[in-house]
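Asks: turn this into a structure:
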Amino acid sequence: MKITVLCPRSEFIKDQREKLSSLGEVIYTESREEYPLEELVELAKDSEILAFDPDNIGGFEVAPERLVKLLDAMPKIRGLALSTTAFGYVDLDYCKKRNITVTNVPYYSTESVAEHTLALMLGCAKRIFITDRRTQKGRYQLMRGFELKGKTLGVVGLGHIGSRVAELGLAIGMQVIAWNRTPKQKENVEMKSLEEVLAESDVISLHLAENEETRGILSRERVAKLKDGVIVVNTADRSLADERAMAEALKLGKVDSYALEAEDLTSPPLGNIENAVLFKGFGWYTKEALVRNKQIWVDNILGIAEGKPVNPVA
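Replies: Numbers count the residues shown, from 1 in each chain. A predicted model of the protein is given here:
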């Protein structure tokens, strides 16, 4: 069996490397940098299992098209082991037609991303990001922030990360309200309609998986109904929000700050808007999360090889 792993060999501990090598020939990429598609095809074309990380193909936003092209060039492929929790960038219908088993790595970064989300909230409320950027340009200005204690945090999506964000919000003294697509209850969190959460929250944190139902859920109409001066944090997926409407709301001060993790940080409509706090995604990138990630990822690869998939994506 041949396995291609889109990740450097050095990121796996000895035990994990030995488990993978016991399956057959294992090919690793040399770095996490983006590779030309032609090089990835050459590496992976004869493989039965592709252990896929979006970094080597250019990130989440270009992964849907490039991943299909890569799989097209792999006639023997029978398993796709994702290194991520997210799987919205995978054409599951395509994989189903080709009988390609798809697995993901759930929950490995829950704590890391939840803490990162809280840091983004605090950074916006305390003017840390804007102050730093102005200072770096020699334009320091004393900016007045505000405390989060006593404010209302609206969590949109109470999955593992959203639930942990709700707990962290409660821990610093925020009132927490939430909406989830399916009925759910959480201690000390008041469940409300989506419209109520958006209208009543001082800080909104988005935690929805990207799909047809959630794409554009923070629409122009809903942006217009947000509470004046709200902070919106989106560590989930940029497609959840209407970015033109968000840009206009930021410029008008309707939205105080919009913190977003995405690949393209410079293009319109959000590029060059000071209170659009844009970062490449790195909330998951902690020592603890990476240890969990690699172990689950290796277990998934072994499961595919043995015909007993672990963490299959339905």
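Asks: if you average pLDDT over the longest strand belonging to the chain, what comes out?
Replies: Criterion DSSP state E: the longest strand present in the chain is strand 255-261. Throughout strand 255-261, pLDDT has a mean value of 97.
Asks: what packs against the helix or strand encompassing residue 26?
Replies: Using DSSP states H and E, residue 26 sits within strand 25-28. Contacts defined by 3 or more Cβ pairs under 8 Å, 6 or more residues apart in numbering; DSSP states H and E place strand 25-28 against strand 2-5. C-beta: built from backbone N, CA, C; applies to glycine.
Asks: contacting residues around the strand it packs on?
Replies: Contact partners of strand 2-5, identified using Cβ atoms under 8 Å, 6 or more residues apart in numbering, comprise 20, 23-29, 43-44, 46-51, 76, 301, 305.
Asks: could you rerun that using 10 Å?
Replies: Applying Cβ atoms under 10 Å, 6 or more residues apart in numbering, the contact partners of strand 2-5 are 11-12, 17, 20-21, 23-29, 40, 43-53, 56, 70, 74, 76-77, 79, 81, 83, 297-298, 301, 304-305.
Asks: repeat that for stretch 62-75.
Replies: Looking at what lies outside stretch 62-75 - Cβ under 10 Å, 6+ apart - the contacts are 4, 6, 34, 37-38, 40-50, 52-59, 77, 80, 82, 84, 86, 88-91, 94-95, 98, 100, 263-264.
Asks: show me which residues of that stretch are buried.
Replies: 62-63, 66-67, 70-71, 74 (16 or more other Cβ atoms under 10 Å).
Asks: tell me which element the spatially closest residue to residue 116 that is not a sequence neighbour falls in.
Replies: Distance criterion Cβ to Cβ, 6 or more residues apart in numbering; nearest residue to residue 116, sequence neighbours excluded, is residue 283 at 3.2 Å. Per DSSP H and E: residue 283 is located in neither a helix nor a strand.
Asks: tell me which entries of the contacts of stretch 62-75 lie within strands.
Replies: Using DSSP E, those in strands are 4, 49-50, 52, 80, 82.
Asks: kindly reformat those as TSV containing distance to residue 237.
Replies: Compiled in TSV, those are given as follows (distance: Cβ to Cβ, whole Å):
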residue	distance to residue 237
4	26
49	27
50	23
52	18
80	20
82	15
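Asks: kindly reformat those residues as JSON lines containing neighbour count, distance to residue 184 and pLDDT.
Replies: Shown next, in JSON lines, are the ones in strands among the contacts of stretch 62-75 (neighbours: other Cβ atoms under 10 Å; distance: Cβ to Cβ, whole Å; pLDDT from 0 to 100):
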{"residue": "4", "neighbour count": "24", "distance to residue 184": "39", "pLDDT": "98"}
{"residue": "49", "neighbour count": "29", "distance to residue 184": "35", "pLDDT": "98"}
{"residue": "50", "neighbour count": "25", "distance to residue 184": "34", "pLDDT": "98"}
{"residue": "52", "neighbour count": "27", "distance to residue 184": "31", "pLDDT": "97"}
{"residue": "80", "neighbour count": "26", "distance to residue 184": "30", "pLDDT": "98"}
{"residue": "82", "neighbour count": "24", "distance to residue 184": "25", "pLDDT": "98"}
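Asks: all helices for this structure, in order.
Replies: 14-21, 37-44, 63-72, 92-97, 110-125, 128-136, 160-171, 194-200, 220-224, 243-252, 287-305 (DSSP state H).
Asks: let's have those helices in TSV, adding distance to residue 210.
Replies: Listed next are the helices of the chain as TSV, based on distance: least, Cβ to Cβ, whole Å:
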stretch	distance to residue 210
helix 14-21	29
helix 37-44	23
helix 63-72	11
helix 92-97	13
helix 110-125	15
helix 128-136	25
helix 160-171	14
helix 194-200	16
helix 220-224	17
helix 243-252	14
helix 287-305	20
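Asks: how many neighbours does the residue nearest to residue 116 have?
Replies: By other Cβ atoms under 10 Å, 19 other residues sit near residue 283.
Asks: distance of it from residue 220?
Replies: Residue 283 sits 27 Å away from residue 220, going by Cβ to Cβ, to the nearest Å.
Asks: and if you look at residue 35?
Replies: 38 Å.
Asks: mind checking which of the two has more residues around it?
Replies: residue 35 (19 against 14).
Asks: quick one: the more buried one from residue 158, how far?
Replies: Residue 35 is 37 Å from residue 158, by Cβ to Cβ.
Asks: one step back: can you flag the buried ones in the contacts of stretch 62-75?
Replies: Buried among these (16+ other Cβ under 10 Å): 4, 6, 37, 40-41, 43-44, 47-50, 52-59, 77, 80, 82, 84, 86, 88-90, 95, 100.
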